[in-house]
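A.B. asks: Sequence and predicted model, in that order:
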Amino acid sequence: MNVSCIPFLSYTHSYESLGPFPHRVGKLKNLIKDSKETSVLLLYGGKNISAFSSTKIDRLSFPLLDSTSSRLTHSYTGLKGEVTVGRIEKVRRELSFEILNLIRKKTMQMPGKENILQQEHIQSYN
């Protein structure tokens, strides 16, 4: 598992991402492929929004999952939209946090105020 302050799958835009560093994106993809892992989940926080993303990478038998979590204290409500490769559902601008269940399947949940579930993504693995 990787935890970072820089989004990986959001590299298609140039702010708060690896967009300006395409060689780093390629290097990380190759590292994941060469690792022979059977599942990988990339986590990052502090972006003031919450979102789940997924992408397929050549020679990888599973989708690469990416989870962004906003801060618990505030979020960026002025965001009009964000185009990102593999976005699952939509970017959430409300305050939220994430719950991850990582046994046999990856369950990513995004509750917000009063523990109301904003979105959920489940990915199963063999």
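C.D. replies: Sure, I can see it.

A.B. asks: contacts, neighbours, all on C-alpha from now
C.D. replies: OK.

A.B. asks: For Gln123, give me its contacts.
C.D. replies: Gln123 makes contact with 105-107 under the criterion C-alpha atoms under 8 Å, 6 or more residues apart in numbering.

A.B. asks: any idea how far it lies from Ile32?
C.D. replies: Separation of Gln123 from Ile32 (C-alpha to C-alpha, to the nearest Å): 18 Å.

A.B. asks: same check, this time on Gly26
C.D. replies: For Gly26, the distance to Ile32 equals 10 Å [C-alpha to C-alpha].

A.B. asks: okay, the two: which has more neighbours?
C.D. replies: Ile32 (17 against 11; other C-alpha atoms under 10 Å).

A.B. asks: my read is the more buried one is in a helix, agree?
C.D. replies: Yes - Ile32: assigned to a helix according to DSSP: H, G, I helix; E, B strand; the rest coil.

A.B. asks: And the helices in this protein?
C.D. replies: All helices of the chain, identified by DSSP state H, fall at 22-34.

A.B. asks: which residues of it fall in strands?
C.D. replies: Applying DSSP state E to the chain gives strands spanning 2-4, 41-45, 50-55, 64-69, 87-92, 99-101, 105-111, 117-124.

A.B. asks: Of these, which is nearest Thr77?
C.D. replies: strand 87-92 (8.8 Å; C-alpha to C-alpha).

A.B. asks: Packing partners of that closest one?
C.D. replies: Packing contacts for strand 87-92, counted by 3 or more C-alpha pairs under 8 Å, 6 or more residues apart in numbering; DSSP states H and E, involve strand 50-55.

A.B. asks: what does the strand it packs on rub up against?
C.D. replies: 9, 63-70, 85-93, 96-97, 110, 121.

A.B. asks: what do you get if the cut-off is 6 Å, keeping everything else the same?
C.D. replies: Applying C-alpha atoms under 6 Å, 6 or more residues apart in numbering, the external contacts of strand 50-55 come out as 63-70, 86-88, 91-92.
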